[in-house]
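1. just a sequence and a predicted model for now, questions to come.
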Amino acid sequence: PPQPPISWKDIAQYSFLGEFDLLQHASDDIQECIWAKPAVHEAMTKFFKLCCAKEEITRLNVEICHL
């Protein structure tokens with residue numbers, strides 16, 4: 001049967017892959033993928049936060065010169 005459409009608001013409220021009903025009905029077990037493992041997920045999150053922090057430092061170094 002067709003599933004109800006999912007909105008970005010709904011997606012933003014999910015915290016991890018196991019909460020996606022859409023993924024639970026997929027033919028492949030997506031939770032077996034390496035990127036879906038909790039430790040890898042956390043490592044990726046920290047990596048992207050680190051990337052953003054480096055960008056923020058660069059931006060602040062430019063702004064501090066204007067003070």
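-> Alright, I've got the coordinates. Numbering: from 1, shown residues only.

2. gap between the helix or strand residue 62 falls within and the chain center?
-> Taking DSSP states H and E as the criterion, residue 62 maps to helix 38-65. Remark: helix 38-65 is offset 14 Å from the chain centroid, using CA atoms, centre = their mean, to the nearest Å.

3. cool, and stretch 33-41?
-> 11 Å.

4. quick check: end-to-end length of that stretch?
-> Stretch 33-41 has an end-to-end distance of 11 Å (CA to CA, to the nearest Å).

5. tell me the mean pLDDT over that stretch?
-> For stretch 33-41, the mean per-residue pLDDT is 82.

6. geometric centre of the protein: which residue is closest?
-> residue 45 (6.7 Å; CA atoms, centre = their mean).

7. quick check: that one vs residue 30, distance?
-> 18 Å (CB to CB, to the nearest Å). The C-beta positions use only the backbone N, C-alpha and C, and glycine is treated the same way.

8. still on that earlier bit, how much space between the residue nearest to the centre of the chain and residue 5?
-> To residue 5, residue 45 is 27 Å away according to CB to CB.

9. for this protein, what are the low-confidence residue spans?
-> For the chain, the stretches flagged by pLDDT under 70 are 1, 11-28.

10. if you set the cut-off to 90 instead, what comes out?
-> Scanning the chain for pLDDT under 90 picks out the ranges 1-42, 44-45, 48, 51, 54, 65-67.

11. what residue of it is the furthest out?
-> Computed with CA atoms, centre = their mean, the most peripheral residue in the chain is residue 67, at 35.2 Å.

12. and the helix holding residue 62, what does it pack against?
-> Applying 3 or more CB pairs under 8 Å, 6 or more residues apart in numbering; DSSP states H and E, one finds that helix 38-65 contacts no other helix or strand.

13. distance of residue 65 from residue 59?
-> 11 Å.

14. who has more neighbours out of these two?
-> residue 59 (10 against 7; other CB atoms under 10 Å).

15. the more buried one: what's it in contact with?
-> Shown in contact with residue 59 (CB atoms under 8 Å, 6 or more residues apart in numbering): no residues.
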